[in-house]
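Asks: could you work out the structure for the sequence below:
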Amino acid sequence: MMKRYAILAALMALSPASAYAHSCPSLMSEIDQAMQTASLSDSDKARVEELRAQGEEQHKAGDHDASMTSLEEAKTLLGL
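Replies: Alright, predicted model coming up:
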């Protein structure tokens, strides 16, 4: 019986982490869409592109906290 509770607790603990990890692609898509119509300076545009690429690399490497930080910074520069 304790084994069941341990498995249930482990599954519940991992659920938020997996949901959090899956929001990286939606942020990347949001940034991509906003970049199509954004009017940014060349330096801000380059920084957004750099942060977007960095966020994708971090996501692929499994570092979702860092990915979210990079992508949120890119969104801020875009005014989102």
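Asks: so what's the residue most central in space within the chain closest to, chain neighbours aside?
Replies: Among the residues of the chain, the one closest to the centroid is Cys24, at 2.8 Å (CA atoms, centre = their mean). Nearest non-adjacent residue to Cys24, counting by CB to CB, 6 or more residues apart in numbering: His59, 4.1 Å away. C-beta coordinates here come from the backbone N, C-alpha and C atoms, glycine included.
Asks: quick one: the residue nearest to the centre of the chain from Thr37, how far?
Replies: Here the criterion is CB to CB, to the nearest Å. By it, Cys24 lies 22 Å from Thr37.
Asks: Leu27 now?
Replies: Taking CB to CB, one finds Leu27 at 17 Å from Thr37.
Asks: between the two, who's got more neighbours?
Replies: Using other CB atoms under 10 Å as the criterion, Leu27 and Thr37 rank with Leu27 on top: 21 against 7.
Asks: surely that one meets Leu71?
Replies: Yes. Counting by CB atoms under 8 Å, Leu27 does reach Leu71; the two are 4.2 Å apart.
Asks: now list whatever residues contact both of the two.
Replies: Common neighbours of Leu27 and Leu71, using CB atoms under 8 Å, 6 or more residues apart in numbering, are Gly55.
Asks: sorry, back to before: just checking, what packs against the helix or strand encompassing the residue nearest to Cys24?
Replies: In this assignment (DSSP states H and E), His59 forms part of helix 42-60. Where contact means 3 or more CB pairs under 8 Å, 6 or more residues apart in numbering; DSSP states H and E, helix 42-60 is packed against helix 23-37, helix 64-78.
Asks: which of these sits closest to Asp44?
Replies: Nearest to Asp44 among those is helix 64-78 (5.5 Å), distances taken as CB to CB.
Asks: can you find the helix or strand in this protein with the smallest mean pLDDT?
Replies: Every helix and strand of the chain was ranked by mean pLDDT, DSSP states H and E. The lowest is helix 2-21, at a mean of 58.
Asks: indicate which one of the helices and strands packed on helix 42-60 is closest to Glu50.
Replies: helix 64-78 (8.4 Å).
Asks: now do that closest one against helix 42-60, angle only.
Replies: 160 degrees (axes from the mean of the first three to the mean of the last three CA atoms, to 10 degrees).
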